[in-house]
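Asker: Below is the structure, and that's it, no one-letter string:
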């Protein structure tokens, strides 16, 4: 089973944040960066769900507030634009 590209992108961001020491787990990422239940990313992964626009916006805003990963923010803004208008 392959993940949809949007969920895969979120998981890669979570992995990057874990690697850089901003969070310790997917659960902490979901709570701190997505402003959702700690199990959100795991559920999305195992049920192959696409992230909502709300989740993508929350992540973008948090990365922007912390002024980290500008390249990721740029990719995320394109994804948000596509999801919102197409």
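Answerer: Right, received. Where do you want to start? Everything numeric here is computed off the predicted structure, so don't read it as measured data. Numbers count the residues shown, from 1 in each chain.
Asker: show me what contacts the residue nearest the centre of the chain?
Answerer: The centroid of the chain falls nearest to residue 10 when counting by C-alpha atoms, centre = their mean (3.6 Å). Shown in contact with residue 10 (C-beta atoms under 8 Å, 6 or more residues apart in numbering): 34, 41, 44, 51, 55, 59. Just so you know, the C-beta spots here come from the backbone N, C-alpha and C atoms, and that holds for glycine as well.
Asker: With residue 55 instead?
Answerer: Counting by C-beta under 8 Å, 6+ apart, residue 55 touches 10, 34, 36, 40.
Asker: what does the worst-scoring helix or strand of the chain on mean pLDDT contact?
Answerer: Among the helical and strand segments of the chain, the one scoring lowest on mean pLDDT, DSSP states H and E is helix 40-46, with a mean of 92. Contact with helix 40-46 is made by 3, 7, 10-11, 14, 26-27, 29-30, 34, 49-51, 55, as judged by C-beta under 8 Å, 6+ apart.
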